[in-house]
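task: produce atomic coordinates for the following.
(one chain, ligands or ions: 1)
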Amino acid sequence: MECMKSSLQTLLAVDSDNVKAWLKDFCKRNGLLTLSVLSVVVGCLLGFLLRDMNFSDQAKIYFSFPGELLMRMLKMLILPLITSSLMSGLSAMDSKVCGKMGLITITYYLWTTFMAVIVGIVLVSIIHPGADAKTDVERVSGGPVITSADALLDLIRNMIPSNLIEATFQQYRTQLIPVVQPVTSGKTPDFVYLVPDEKDPTLSKPVFLELTPAPNVIYKPLPGSSKEMNVLGIVIFSATIGLLLGTMGERGTPMVNVCQCVNECVMKIISAAVWYFPLGIVFLVAGKILEMRDPSLIGKKLGMYAVTVVSGLLLHGTVILPLLYLFITRKNPIPYVRGLLQALVIALATSSSSATLPITMKCLLENNGIDRRIARFVLPMGATINMDGTALYEAVAAIFIAQVNEYELDFGQLITISITATAASIGAAGIPQAGLVTMVIVLTSVGLPADDITLIVAADWALDRFRTMVNVLGDALAAGIIAHLCRKDLLPSDKDILISKIQNLPASEIPLLARKDRVFEVLGDVVTEKPAVYYNIAQV
Ligand code: 7O9
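Numbering: from 1, shown residues only. Reported below is the predicted structural model:
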């Protein structure tokens, strides 16, 4: 009996030790991620609980403050991250590889976006959500919206910023200024004859009132600006400088080193900032739920529409994109996506793929082991032009609006929608007030009324979160696929070999390799001295 008891005790002790070790290991690996997911859930619960308390607007602002800090922190990192990533990423490759990779990246982005649109169109045609949502939803006539041609010109203008500093905080935007036109002469004014009023002695004679025809108001397009970062201009400029730095050899190295240092600093800031995420996410999500108008409206009128969009996004994000990854790389996409979960949670909480970019970069480099040069090029490009979720959403929304209006779309019009939705999602970052303008472009391309956008705005804030997740997932899987396709062109650079050699050596030997101003390259057993400017040993 005693013996059994003691063996049971040892068994339990071993077991509890095992459990403890497992728990510790789990917390170490997934603790932050679990906390982030929990904080989304807690944020939702808190938001719905506090809705009943009818906070004042001021109280809501105070309540959202910790979440606002999270957004500000993430957005702060975007500019240094994209400029330094593009410059250092592209400078580390020769121009041939850059060209090949650029071509593959853009082709891949185009096709996946187009596939997302097709998924959307197929689902919305099958589910037909417009049938339930018939027209008792109120419509508000919006103001004038710029034409597609003006939007396209704005996009091209934004690609070439006239002032780089200005580009960091504003975009060029054609503004429509109302101009009252004088009544055209030749039109005779109308008259109204008022019968004299017997009771009013002042009106003894008949009175004629002249009715001026309503003046014509035309909207004149004038140059203006919008308070959004001109990403497209900055991305194009940084990529060009990066390419050129790569062709300059050693003379370009100091600049490349500056960029790499900035990049690493950003990564370090993120590593520290992740500890604030759980708290920030709770208040960000709860604050958004407090601000939300009436959720039951979405449930009743737009329920099927929301289901269509979400199932389209699910299909594209969990089936099509991972399958594409599987077929091209012949690797299991599940561990890859698991490495990205932190970024997906942040995308859900912030509903902005650009604010999530720093975390996506961190996940790809640290969890998925993607080559730095690939991640530094593919991710900023993806955040700017690859928006699978947005394209899918716009196609579904346009067809939904057609269904509500009982407007039959023929095959040609479906093709038009798929092309405009793809193009609009690619150009979105370069078009001021993109959300509205791109939707108008898609609608007007098939002759649907632009005012009907008001039908779907109620559900927009919620669906935005899900499509942002798909946008982020699309960019990250693209990086994995492109890294696979370019793996032969990207054998480890000499510098990487040097760094790994140094890292594998005992600390006492490092000074031998990088003595103050002298740098040695170690390739196999061959050690050669290199000019000191060539490497930045401080980074090792
Ligand atoms: C969604 F490259 C970066 F990181 F610097 C970058 C910065 C800003 C890239 C893009 C942007 C940017 O402004 N993008 C943008 C995206 C501008 C307007 C609209 C959208 C579309 O956003 C998505 C959507 O609404 O569907 C989604 N919220 O992925 O962020």
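
quick check: chain neighbours aside, which residue is closest to the closest residue to the ligand within the stretch 151-300 of the chain?
Residue nearest to the ligand within the stretch 151-300 of the chain (C-beta to the nearest ligand atom): Val231, separated by 4.0 Å. The C-beta positions use only the backbone N, C-alpha and C, and glycine is treated the same way. Nearest non-adjacent residue to Val231, counting by C-beta to C-beta, 6 or more residues apart in numbering: Ala429, 4.7 Å away.

low-confidence ranges in this protein?
1-14, 132-144, 182-214, 295, 297-299, 491-540 (pLDDT under 70).

which SS class is the closest residue to Ala402 other than its chain neighbours?
Closest residue to Ala402 apart from its sequence neighbours, by C-beta to C-beta, 6+ apart: Leu409 at 5.3 Å. Recorded secondary structure, Leu409: coil (DSSP: H, G, I helix; E, B strand; the rest coil).

ok, how many other residues are close to Ala21?
Counted by other C-beta atoms under 10 Å, the residues lying close to Ala21 total 10.

host element of it?
Ala21 belongs to helix 2-51 when assigned by DSSP states H and E.

so what does that helix touch, helix or strand wise?
When contacts are defined as 3 or more C-beta pairs under 8 Å, 6 or more residues apart in numbering; DSSP states H and E, helix 2-51 packs onto helix 277-291, helix 341-350.

if we can go back for a sec, so the residue of the stretch 151-300 of the chain closest to the ligand versus Gln170, what's the distance?
Using C-beta to C-beta, to the nearest Å, one gets 12 Å for the distance from Val231 to Gln170.

looking at the two, which is more packed in?
Legend: neighbour count by other C-beta under 10 Å for Val231 and Gln170, higher for Val231 (23 against 18).

which residues touch the residue nearest the centre of the chain?
Nearest to the mean C-alpha position of the chain, by C-alpha atoms, centre = their mean, lies Ser353 at 2.4 Å. Residues near Ser353 by C-beta atoms under 8 Å, 6 or more residues apart in numbering: 347, 383, 387, 468, 471-472, 475.

also near the ligand: which of those residues, exactly?
Filtering the contacts of Ser353 for proximity to the ligand (criterion: C-beta under 6 Å from any ligand atom) leaves 383, 387, 468, 471.

just the residues you listed: which are in strands?
Members of the ones next to the ligand among the contacts of Ser353 lying in strands (criterion: DSSP state E): none.

can I get those residues in a markdown table with neighbour count?
What follows is those, written out as a markdown table (neighbours: other C-beta atoms under 10 Å):
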| residue | neighbour count |
| --- | --- |
| Ala383 | 26 |
| Met387 | 32 |
| Thr468 | 26 |
| Asn471 | 29 |
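
now the strands for the protein?
Using DSSP E, the strands of the chain run over 171-181, 190-194, 207-211, 216-226, 514-515, 518-523, 526-530.

all helices of the stretch 301-450 of the chain, in order?
Using DSSP state H, counting those that start in this stretch, the helices assigned to the stretch 301-450 of the chain run over residues 303-315, 321-329, 333-339, 341-350, 353-362, 372-385, 388-404, 411-427, 434-445.

what residues does the protein have near the ligand?
So far as C-beta under 6 Å from any ligand atom goes, the chain lies against the ligand at 78, 82, 229, 231, 235, 351-354, 357, 380, 383-384, 387, 390, 428-429, 434-435, 464, 467-468, 471.

hmm, 8 Å instead?
With C-beta under 8 Å from any ligand atom as the criterion, the chain comes near the ligand at residues 78-79, 81-82, 228-229, 231, 234-235, 347, 351-357, 380, 383-384, 387, 389-390, 393, 425, 428-429, 431, 434-435, 438, 464, 467-468, 471-472.

make a PyMOL selection of the buried ones in these.
Buried members of the residues of the chain next to the ligand, defined by 16 or more other C-beta atoms under 10 Å, are picked up in PyMOL with:
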select buried, resi 78+81+82+228+229+231+234+235+347+351+352+353+354+355+356+357+380+383+384+387+389+390+393+425+428+429+431+434+438+464+467+468+471+472
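
for Tyr325, which non-adjacent residue is spatially closest?
Nearest to Tyr325 is Pro333, by C-beta to C-beta, 6+ apart, at 4.4 Å.

and for that neighbour, the neighbour number?
Counted with other C-beta under 10 Å, Pro333 comes out at 17.

ok, now which ones touch it?
Counting by C-beta under 8 Å, 6+ apart, Pro333 has contacts 322-323, 325-326, 477.

and if you look at Ser225?
By C-beta under 8 Å, 6+ apart, the neighbours of Ser225 are 170-173.

quick one: which of the residues you listed has the most company?
Busiest of those [other C-beta under 10 Å] is Gln171, holding 27 neighbours.

so what's that residue bridging to?
Counting by DSSP bridges, Gln171 forms beta bridges with Ser226.

who's in contact with stretch 91-108?
90, 242-243, 245-247, 252, 256, 259, 372-374, 377-378, 381-382, 385, 478, 481-482, 485-486, 489-490, 493.
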